[in-house]
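Enquirer: A structural model of the following input is requested.
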Amino acid sequence: MQIKILGTKGEIEISRPRYHKHSGILVDKTILCDIGEKKYLNYHPKFIVITHLHPDHAFFVAGKKTIDIDVPVFAPERSGKLKNIKIISKPVIKNDYKITPIPTIHSVNVKSQGYLIERKNKKIFYTGDIVAIKTKFHYQLQNLDAVITEASFFRKGGVIRRNERGQRFGHAGVPDLIELFRKFTHRIIFTHFGTWFLKDPKAGKKKIKALETNRIILDLAYDGKEFTI
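Expert: This next block holds a predicted model:
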């Protein structure tokens with residue numbers, strides 16, 4: 001699979017020349033995962049999957065008008081801002097790709113899920129923003145060729161809060177995500193960077209790469225970077 005990282009910035013004010021667009025990746029010029037910027041539609045994907053309806057992952061949420069996109073758009077829930085959005089809760093086959101939604105913990109106000117994308121003998125998992133994945137879904141993550149996940153916070157524990165019902169929400173830290181996914185893959189690609197990284201991308205890259213071992217490769221994305229899986 002050919003992965004093009006379209007945008008690498010979280011919902012933050014600061015930006016850098018190679019880190020100024022919001023979330024989105026393009027798989028084999030066919031599948032667009034997240035639409036943090038309207039301009040991503042100019043790549044003419046065959047279909048689109050959205051991890052959750054926050055504006056840095058679904059640009060239309062912040063708009064005042066209802067829009068229509070002329071290719072299938074799948075998400076964990078519907079939105080009044082997009083006419084043809086469809087709920088995806090089970091695996092679907094599109095253009096020789098098997099796409100399996102896997103529920104994630106991130107927000108209490110919107111539903112979220114990552115996407116396992118399979119074609120031939122390759123398997124990748126794109127998480128979107130994430131606190132955790134319930135253990136009962138871990139069996140679906142076996143033998144991944146790569147995980148593409150977020151790096152909003154570097155520190156262990158990330159920023160995770162609980163509401164009055166005890167439900168967790170927020171973002172896991174980079175060490176937590178490495179610990180979670182090292183059981184399922186030998187390669188993690190980090191994107192969706194937070195302020196900690198964009199203040200000094202060179203130093204941020206060193207911090208993440210210092211966590212690399214001979215059992216796991218840690219790659220860092222930037223706007224427009226491509227990876228072959």
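
Enquirer: pLDDT at residue 64, what is it?
Expert: For residue 64, the pLDDT comes out at 88.

Enquirer: in three-state terms, label it for me.
Expert: coil (DSSP: H, G, I helix; E, B strand; the rest coil).

Enquirer: and it, how many residues sit next to it?
Expert: For residue 64, the count of nearby residues is 5 (other C-beta atoms under 10 Å). (Glycine included, C-beta is placed from N, CA and C.)

Enquirer: same check on residue 77?
Expert: 14.

Enquirer: now it: how far from residue 50?
Expert: Using C-beta to C-beta, to the nearest Å, residue 77 is found at 10 Å from residue 50.

Enquirer: now what about stretch 27-34, what contacts it?
Expert: Residues from elsewhere that reach stretch 27-34 (C-beta atoms under 8 Å, 6 or more residues apart in numbering): 1-4, 23-26, 40-41, 43, 45-51, 57-58, 94-95, 97, 99, 115, 117, 119, 124, 126, 128.

Enquirer: let's go with 7 Å and repeat that
Expert: Outside stretch 27-34, the residues that touch it by C-beta atoms under 7 Å, 6 or more residues apart in numbering are 1-3, 23-26, 40, 43, 45-51, 57, 95, 97, 115, 117, 126, 128.

Enquirer: just the ones of the residues you listed in strands?
Expert: 2, 3, 24, 25, 26, 47, 48, 49, 97, 115, 117, 126 (DSSP state E).

Enquirer: out of everything not next to it in sequence, what's closest to the residue nearest the centre of the chain?
Expert: What sits nearest the mean C-alpha location of the chain, by C-alpha atoms, centre = their mean, is residue 128, with 2.5 Å. Counting by C-beta to C-beta, 6 or more residues apart in numbering, residue 128 lies nearest to residue 51, which is 2.7 Å off, once chain neighbours are set aside.

Enquirer: the one you found - how many residues pack around it?
Expert: Residues contacting residue 51 under the criterion other C-beta under 10 Å number 27.

Enquirer: and the residue lying closest to residue 156 once chain neighbours are set aside, which of the three is it?
Expert: Excluding its sequence neighbours, the residue lying closest to residue 156 (C-beta to C-beta, 6+ apart) is residue 175, at 4.4 Å. Following three-state DSSP, residue 175 is assigned to helix.

Enquirer: contacts for stretch 97-110, please.
Expert: With contacts defined as C-beta under 7 Å, 6+ apart, stretch 97-110 is touched by 31, 49, 52-54, 77, 88-89, 91-92, 112-119, 127-134, 137, 140, 163, 167-169.
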